[in-house]
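A.B. asks: here is my input, please return the structure:
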Amino acid sequence: MKSSRSTLTLACLALLAAASGVHAQGLGMRPGGGTGITDIMRGGARVTAPAQVPRSAAAQPAPTGQRAAEYIVALVNSEPVTNTEVQKRVTRILRENPEAQRVPRAELNQLVLERIVVERAQLQLAKESGIKVDDQAVDQAEQLVARQNQVSQDELYRRLDAEGITRAEFRSDLRDQLLLTRLREREVNARVKISDSEVDQFIQDQRSGNTAAAPEINLAHVLVTVPEDASEAQVAALQKKAQGVADRARAGEDFAKLARENSDSPDRANGGSLGLRGADRYPPLFVEATQTTPVNGIVGPVRSGAGFHVIKVLAKGQAGAAEGVVTQTQTRHILLRNDPQRSTAQAIEQLAEFKRRVLAGTADFASLARDNSQDGSAKDGGDLGWARPGQFVPEFEEALDRLAPGQISDPVVTRFGVHLIQAVARREAKLSQTEQREAARAVLREKRMDEAFATWVQEVRGRAYVEFREPPV
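C.D. replies: Numbers count the residues shown, from 1 in each chain. Take a look at the predicted model:
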């Protein structure tokens, strides 16, 4: 398997590699605790890069002699796993991971079966623990998947249908992965502690060049979408448009303005900026294209499954860099928590009404926050201060990144409740000493989290009663 699989978004996990046997953290959610948005302002820039939904491909044929009859291959705490479940996942892996075709089919079947067993044990634990994911959270995940793949939801499901995946199956995958993410956040977070002395040592190693921290980059892009059924003439015209944008950018025109006026990507409102994040959180195409490009350099147009991209390198550095300069956003929000008196749908409706009132000039955002927000920031009119990349959970941050200064988001569902978010202003700023330490702690925590997660998975698997029956074929 390609190592990049471990950084796929929820979309890819559900769509392409749900049984690939690697650790993927749903929507890029970072394991964490806390009781409000103030508590989710944590260090680190673990923001998962978008990945392209594949164009339709021919389904992988079943192996000769495969049994058509359904049968049970394993029981996980008395819950059956069927041969069909295993073969569906194997088919996806073989279709999307050519390298997997070198693995003997019987061995691949067993690897996938074990992955399903592990997931099933975790899902059972999540349900026993009372963890739930409502339809609104799944709806938001659907929208996020479409945005990250730079397609409409209708186009997303058209492509999924071409891959043999129904909307019901996809939503079920999304719900399961959200359940698993919330369970892992609750179970794994408390296991990871980073001491001050470890932070000191990391910063010292980094300054002396002894750290192996992954590089971080901040890229902006202009996307010129190419329809899937575009003719050669249409493709040529769209490529010419992208080339024109690239030429104007290289001539010194403001890239953010070019993005707002020409890009087909949802992030155009933010000048096309994709945010500071680890290189492994960006699409490999973007990383490879900009690998030797200096800061402020322009690349492209380069072609992806979505269309032509013109890319600008905004920043390069090391994760947790002591001398880093980052884009900060002055942020405020209104939080309505999940409670028995108000459903998620009702909270969304109430916050949508708040947004309408603010835009109409009949209400003030800060006053609404003071009177209604159920977060500690309410007394400050919802003000969260100047936030650097990675301080918020990904659903919150993804929505914030798409806002231009002064804009207000639609209601955003997170595990803390429903938020209305406003990006007040943006600036480039050097990290303070405290922020440098927080960033360093986040990098160390991220590394330690993977180890804690692996240990926790083994514990959950060990507690489950698993009975293997006939092998999948």
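A.B. asks: so residue 326 makes contact with residue 432?
C.D. replies: No. Residue 326 is beyond contact range of residue 432, at 11.0 Å (criterion: C-beta atoms under 8 Å). Where you see a C-beta, it was placed from the backbone N, CA and C, and this is true even at glycine.
A.B. asks: compare those two (neighbour count), which wins?
C.D. replies: Neighbour totals were compared for residue 326 and residue 432, and residue 326 leads with 23 against 10 (other C-beta atoms under 10 Å).
A.B. asks: what pairs with the more buried one across the strands?
C.D. replies: Beta-bridge partners for residue 326, by DSSP bridges, are residue 429.
A.B. asks: got the contact list for it?
C.D. replies: Residue 326 sits next to 218, 276, 315, 388, 389, 428, 429, 431 when contact means C-beta atoms under 8 Å, 6 or more residues apart in numbering.
A.B. asks: which of the residues you listed are buried?
C.D. replies: Buried members of those, scored by 16 or more other C-beta atoms under 10 Å, are 218, 276, 315, 388, 389, 431.
A.B. asks: element containing the third one?
C.D. replies: Read that as residue 315. Here residue 315 sits within strand 307-318, counting by DSSP states H and E.
A.B. asks: tell me the strands beside that strand, with direction?
C.D. replies: So strand 307-318, judged by DSSP bridges, has these partners: strand 215-225 (antiparallel), strand 298-303 (antiparallel).
A.B. asks: what residues sit buried inside the first one?
C.D. replies: Taking 16+ other C-beta under 10 Å as the basis for neighbour counts, the residues of strand 215-225 that come out buried are 216, 217, 218, 219, 220, 221, 222, 223, 224.
A.B. asks: with the shortest one instead?
C.D. replies: When burial is assessed from 16+ other C-beta under 10 Å, strand 298-303 yields the following buried residues: 298, 299, 300, 301, 302.
A.B. asks: of those, which one scores lowest on pLDDT?
C.D. replies: Minimum pLDDT across the buried residues of strand 298-303 is recorded for residue 300, with 82.
A.B. asks: how near is it to residue 224?
C.D. replies: As judged by C-beta to C-beta, to the nearest Å, residue 300 and residue 224 stand 10 Å apart.
A.B. asks: make TSV from the buried residues of strand 298-303 and add distance to residue 168 to it.
C.D. replies: TSV is the format used below for these (distance: C-beta to C-beta, whole Å):
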residue	distance to residue 168
298	43
299	40
300	38
301	38
302	36
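A.B. asks: pretty sure residue 241 sits against residue 223.
C.D. replies: No. Assessed by C-beta under 8 Å, residue 241 is found out of contact with residue 223, at 11.1 Å.
A.B. asks: between these two, which contacts overlap?
C.D. replies: residue 308.
A.B. asks: number of nearby residues for residue 191?
C.D. replies: Residue 191, neighbours per other C-beta under 10 Å, totals 14.
A.B. asks: what's the answer for the one 3 residues further on, then?
C.D. replies: Look at residue 194: counted by other C-beta under 10 Å, it has 18 neighbours.
A.B. asks: residue 441: which of the buried residues of strand 215-225 is nearest?
C.D. replies: Within those, distances to residue 441 taken as C-beta to C-beta reach their minimum at residue 216, with 15.5 Å.
A.B. asks: ok, the closest one touching residue 277?
C.D. replies: Yes. Counting by C-beta under 8 Å, residue 277 is a contact partner of residue 216 at 6.2 Å.
A.B. asks: residue 364: how many residues sit nearby?
C.D. replies: Residue 364 has 12 neighbouring residues, counting by other C-beta under 10 Å.
A.B. asks: list the contacts of stretch 367-379.
C.D. replies: Residues outside stretch 367-379 that contact it (C-beta under 8 Å, 6+ apart): 36-38, 332-337, 350, 354, 357-358, 381-384, 417.
A.B. asks: mind listing what's buried along it?
C.D. replies: Across stretch 367-379, burial judged by 16+ other C-beta under 10 Å covers 368, 369, 370, 372, 373, 374, 375, 377, 378.
A.B. asks: including secondary structure, pLDDT and distance to residue 465, could those go into CSV?
C.D. replies: Shown next, in CSV, are those (DSSP: H, G, I helix; E, B strand; the rest coil; pLDDT from 0 to 100; distance: C-beta to C-beta, whole Å):
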residue, secondary structure, pLDDT, distance to residue 465
368, helix, 95, 51
369, helix, 94, 49
370, helix, 93, 52
372, helix, 93, 48
373, coil, 94, 46
374, coil, 91, 41
375, coil, 90, 42
377, helix, 92, 46
378, helix, 92, 47
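A.B. asks: for the helix or strand containing residue 169, packing partners?
C.D. replies: According to DSSP H and E, residue 169 maps onto helix 167-188. Secondary-structure packing of helix 167-188 (3 or more C-beta pairs under 8 Å, 6 or more residues apart in numbering; DSSP states H and E): helix 10-15, helix 105-128, helix 135-148, helix 153-162, helix 433-463.
A.B. asks: these two touch, right, residue 448 and residue 194?
C.D. replies: Yes. In this structure, residue 448 is within contact of residue 194 by C-beta under 8 Å, at 6.8 Å.
A.B. asks: hmm, who's touching stretch 127-141?
C.D. replies: So stretch 127-141 is contacted by 10, 27, 171, 174-175, 178-179, 182-183, 186, 343-345, 348, 395, 412-413, 418 (C-beta under 8 Å, 6+ apart).
A.B. asks: how far is stretch 361-371 from where the chain is centred?
C.D. replies: Remark: stretch 361-371 is offset 31 Å from the chain centroid, using C-alpha atoms, centre = their mean, to the nearest Å.
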